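Participant: Structure for the following, please:
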Amino acid sequence: MSVVKGSSIHKTVWKILRILAGFFIRHKYNYSYDTVRPKSDNYIVLSNHSIDLDPIFIGLSFPNQMYFVASEHIFRLGFLSKLLNIFFAPIQRLKGKSEIGTVKAMLKLLKAGENVCIFPEGVCTFDGTTQPFAPAIGKLVKKSGAGMITYTVKGAYYAKPRWAKRFRKSEIKGCFVKEYTPECLSGMTDNEINEAIKKDLYVNAYEYEATKKYTSYIPDNAENIEYALYACPECGGIASITSDGDTIICKNCKKELKLTPQLEIVNTDGSLYKFSRIYLWSEWQRSHLEEYIKKSLKSNVSLPILEDDGQELYEYERGKKNRLRDRGILRLYTDRLEFEGIESKHIFLANKLSYIDIHGKSTILFTYENKNYEIKTEKIRSSLKYEDAFRIIKRLKAEKQSAL
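Facilitator: Alright, predicted model coming up:
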C-alpha cells in the first residue's frame, strides 16, 4: 500500500489518537509540550531521541499528521504490523546497513506535500546526551524542498534511560526549537543545515534535570546500567561492570559506586565520583577502548578484543520473523566478527561490514553479503562495547589507509 495513497486515513487516525493520547500521556508521564503551528506548507521535523515513546510525545505538538521513520523490527509483528501500516504507514528503516530506500520514501512523501519526522541520531541515547548523526541529513533536508522544524524532548532520559528496567516518576517537556522555511533553507549549504541541526537538537539530560522539581526514587536505580557502562575506570577492565539495586560494581577490582535518583555517580560515602555523570564515564570508556584496540592492531596478536558466551545468532528477511541459525560464543577481532556456534563457525569479515547497530538494550544487528543478522542473548551484556569497538576499528584503519 502506498504511504501517500493512504494519507487521508492516516490524517483521520492522527486527529483521533492525538486527542485520546494527549490526556493519557500528559497524566501518565507528567508530560507538557509546546503546540507548534508551522508556517511552511509541509515540513520535516527533526528531534533528539531518548525514549521509544518520543514519536507519541512529539506528535502531540503537531495538529497536522506526520509520517515517522521506524525500525524494521515493528514490521515483524504479524497482525499488529499490518494494523500499524494501515493506520500510520511508518517509513521502514533497516538497522545495521545504509538504507537508500528509506531516504527515497521520505523524499516521496515530502515531495507529495506530506510531513515527515525523523530522529537523526537513529537510536535512543544510552548516556543522556544527543548523539552524532550522519552528515547526509543536511542534504536530505535541502533536497526535499520542504521546511524544517527542530524539536527536543527533555526529561525523558530521567524517566527511563535506555538501559534501565522501568520508568520512574519525572517531568518531561516537549519543546519547539526553531522553524526553517524552504526559502531560508535554500540559502544554506548542506553543512550549514547540519550545524543548525546539531546545535538545535543538543540536549544534555543532566542540565535539564537541574531545572526540574523532582525525580522519584526507585530501589533498583542502577539495575542494568552495564548495558551502558562496560569499562572500569579503576582497573581498566572491559566488560567488568555489573549492577545490584542502586550499586555499580566492578567484577574485577570490586570497586563499588552508587547511582542517585538524579543519575549522579557517587562513592559509597556520598561524594561525587570522578566520572559523576554517565556521559562522562561513556566518553572515558570509549577513549580507553580505543587505546586497547590500538595496542591490538600494533601487536597483530590473534586474540579477540571482546568475547561473550551464551549468544544466539539469527537471520531474518525484511518484514519476516527471524530464524535461529546457531547458539554459541560471540567474538570481535580487529579484522572480523566471529560466532563460534554449536553447528559451525560463522565468520563476518570487518571489511565487508558497514555497520554494527543495536536494537533495544542488547540486540546486535548487521548486514553481511546481503543477509541480515541479529545476535541476541538472555544474559545482561553490553552491545554498546561491540558498536563502539567496531566504529573505532573502522576509523583507525581508514586513518591508516589515508596516511599511506
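
Participant: secondary structure class for Gly101?
Facilitator: Classification of Gly101 by DSSP: H, G, I helix; E, B strand; the rest coil places it in helix.

Participant: separation between it and Lys108?
Facilitator: Going from Gly101 to Lys108 by Cβ to Cβ, to the nearest Å gives 10 Å. Using the backbone N, CA and C atoms, a C-beta is placed for each residue, glycine as well.

Participant: Please apply the same query to Asn204.
Facilitator: In this view, Asn204 and Lys108 are 35 Å apart by Cβ to Cβ.

Participant: How about residues contacting the helix or strand where Lys143 lies?
Facilitator: Lys143 belongs to helix 136-144 when assigned by DSSP states H and E. Applying Cβ atoms under 8 Å, 6 or more residues apart in numbering, the contact partners of helix 136-144 are 44, 46, 103, 106-107, 110-111, 118, 120, 148, 185-186, 188-194, 197.

Participant: May I see the buried residues of that helix?
Facilitator: Within helix 136-144, the residues that count as buried by 16 or more other Cβ atoms under 10 Å are Ile137, Gly138, Lys139, Leu140, Val141, Lys142, Ser144.

Participant: Next: stretch 51-59.
Facilitator: Ile51, Leu53, Asp54, Pro55, Ile56, Phe57, Ile58, Gly59.

Participant: Over to stretch 380-396?
Facilitator: Buried residues in stretch 380-396, counted by 16+ other Cβ under 10 Å: 381-390, 392-394.

Participant: With stretch 185-196 instead?
Facilitator: Those would be Leu185, Met188, Asp190, Ile193, Asn194, Ala196, for stretch 185-196 by 16+ other Cβ under 10 Å.

Participant: what distance separates the start and the end of stretch 343-359?
Facilitator: Using Cα to Cα, to the nearest Å, one end of stretch 343-359 lies 25 Å from the other.

Participant: from the buried residues of stretch 51-59, which single one is nearest Leu280?
Facilitator: Ile51 (21.2 Å; Cβ to Cβ).

Participant: Put together JSON lines for the buried residues of helix 136-144, with pLDDT and distance to Glu338 on each row.
Facilitator: Output for the buried residues of helix 136-144, formatted as JSON lines (pLDDT from 0 to 100; distance: Cβ to Cβ, whole Å):
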{"residue": "Ile137", "pLDDT": "94", "distance to Glu338": "33"}
{"residue": "Gly138", "pLDDT": "95", "distance to Glu338": "37"}
{"residue": "Lys139", "pLDDT": "94", "distance to Glu338": "36"}
{"residue": "Leu140", "pLDDT": "93", "distance to Glu338": "35"}
{"residue": "Val141", "pLDDT": "95", "distance to Glu338": "39"}
{"residue": "Lys142", "pLDDT": "94", "distance to Glu338": "41"}
{"residue": "Ser144", "pLDDT": "94", "distance to Glu338": "41"}
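
Participant: from these, which is closest to Lys28?
Facilitator: Nearest to Lys28 out of those is Ile137 (Cβ to Cβ; 31.6 Å).

Participant: any idea how far that closest one lies from Thr367?
Facilitator: Distance of Ile137 to Thr367, given as Cβ to Cβ: 21 Å.

Participant: Now stretch 296-309: buried residues?
Facilitator: The neighbour-count check on stretch 296-309 (16+ other Cβ under 10 Å) flags Ser296, Leu297, Pro304, Ile305, Leu306, Asp308 as buried.
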